[in-house]
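Student: sequence below, structure please.
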Amino acid sequence: MRRNLPRYLLAAGIVLFVICAILLLDFTAPNPTGRRYSSVPINTLLSTTDKGIQGEDILAADLHLPNNNSPDQLVCFCNSTNISSRPPLNECRTCSAYAQTITTYRRPDFFGKNFVAEVKNAQGLLYEYDKQLEQISDYAIAAKSLGIPLWLYVRVNSEIHPEYYRIVEATGGAIVHYLTEPGYIDPVDRISQIGLFISLLVIGVAFTWLWVLSLPAKPKVSKPRPAKKAPADFAEDYLMRRKAKAQKDIDTEDSRPQ
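Tutor: As a prediction, this is how the structure comes out:
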């Protein structure tokens, strides 16, 4: 079991490394872009109009979709009470859905194959009753009639009134805090970077451990045991000791003065 421990440690380190690397690549987020945050940061010094255009350009690149405000797109949600009265062609080329609440027409920023998306490059959507909420409500009604979700992309630090969440999430979509400002660091990226460092450390320790285990073991040198003496050897030793003692006694007597 202990010999398998470094292998388990190595496997855990590799799994952690792969997970952190995937998170850092930022392509697994559960929204149509697949990203947790925008590919480029916004410029907060632009005018209100230019900020709107900038947000649309960023999201168009990340969604890989044309901007629905382009002259060759212009797909709208239209009023359902007077279908025969079409919006002008320079504003709406087609009406994909109809809703009674829509005064004339609404044109969301993006139409995907199975979703509709809007981007708001603003500091917040704070009020329960305003024109922005009416717009999003109309989008949500039309999206639900088509059976597709509405996705609303805002800044990472935008303050959003809870009513917007309720309306958007009722379609099966969500509000995505997405547009980054210069200097923004994604918390998931920060955690993933730490996890990546830890995983490399674990992998290094596991490899070192396996290398140590692979070294050949030093052979044990056993000390030779002294040979056991036979009974005859004990007798011979005894006689030699008696003879030596007798000789010592004689020498002692000879050395005394006469």
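Student: Gln100 contacts Ser80, doesn't it?
Tutor: Yes: with contacts defined as Cβ atoms under 8 Å, Gln100 counts as touching Ser80 at a distance of 5.0 Å. To be clear about C-beta, it is placed using only N, CA and C from the backbone, and glycine gets the same treatment.
Student: quick check: buried residues in stretch 164-176?
Tutor: Within stretch 164-176, the residues scored as buried using 16 or more other Cβ atoms under 10 Å are Tyr164, Ile167, Val168, Thr171, Gly173, Ala174, Ile175, Val176.
Student: same thing with stretch 63-83?
Tutor: Buried-residue list, stretch 63-83, by 16+ other Cβ under 10 Å: 63, 65, 67-69, 73-80.
Student: can you check stretch 106-126 too?
Tutor: For stretch 106-126, by 16+ other Cβ under 10 Å, it's 106-111, 115-122, 125.
Student: go through these and name the one nearest Pro41.
Tutor: Asn121 (11.3 Å; Cβ to Cβ).
Student: how much space between the closest residue to the closest one other than its chain neighbours and Ser214?
Tutor: Leaving aside its chain neighbours, Asn121 sits nearest to Gly55 (3.2 Å; criterion: Cβ to Cβ, 6 or more residues apart in numbering). Separation of Gly55 from Ser214 (Cβ to Cβ, to the nearest Å): 57 Å.
Student: mind listing the strands for this protein?
Tutor: 75-79, 94-99, 105-106, 110-111, 116-120, 124-125, 150-155, 159-160, 174-179 (DSSP state E).
Student: on that earlier part again, count of neighbours near the residue nearest to Asn121?
Tutor: Neighbourhood size, Gly55 [other Cβ atoms under 10 Å]: 24.
Student: what do you get for Tyr184?
Tutor: Per other Cβ under 10 Å, the neighbour tally for Tyr184 reads 15.
Student: so how far is Arg7 from it?
Tutor: Distance, Tyr184 to Arg7, using Cβ to Cβ: 40 Å.
Student: would you map the helices across the chain?
Tutor: 5-25, 48-63, 131-146, 162-169, 187-214, 231-254 (DSSP state H).
Student: how about CSV for these, with distance to Val156 and mean pLDDT added?
Tutor: As requested, those are exported to CSV (distance: least, Cβ to Cβ, whole Å; pLDDT from 0 to 100):
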stretch, distance to Val156, mean pLDDT
helix 5-25, 17, 91
helix 48-63, 12, 96
helix 131-146, 19, 95
helix 162-169, 16, 96
helix 187-214, 10, 91
helix 231-254, 95, 68
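Student: need the strands of the chain in TSV (columns: distance to Lys248).
Tutor: Below are the strands of the chain laid out as TSV (distance: least, Cβ to Cβ, whole Å):
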stretch	distance to Lys248
strand 75-79	127
strand 94-99	127
strand 105-106	128
strand 110-111	118
strand 116-120	116
strand 124-125	114
strand 150-155	110
strand 159-160	111
strand 174-179	106
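Student: would you format these as CSV with distance to Gly204 and mean pLDDT included?
Tutor: Conversion of those to CSV gives the following (distance: least, Cβ to Cβ, whole Å; pLDDT from 0 to 100):
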stretch, distance to Gly204, mean pLDDT
strand 75-79, 55, 94
strand 94-99, 56, 91
strand 105-106, 57, 94
strand 110-111, 46, 97
strand 116-120, 44, 98
strand 124-125, 46, 92
strand 150-155, 40, 98
strand 159-160, 44, 95
strand 174-179, 37, 98
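Student: which of these sits closest to Val18?
Tutor: strand 174-179 (25.4 Å).
Student: strand partners of the closest one, parallel vs antiparallel please.
Tutor: strand 150-155 (parallel) (DSSP bridges).
Student: which residues touch the partner strand?
Tutor: Contacts to strand 150-155, defined as Cβ atoms under 8 Å, 6 or more residues apart in numbering, come from residues 31-32, 42, 55, 59, 108, 115-123, 125, 136, 139-140, 143, 160, 164, 168, 171, 173-181.
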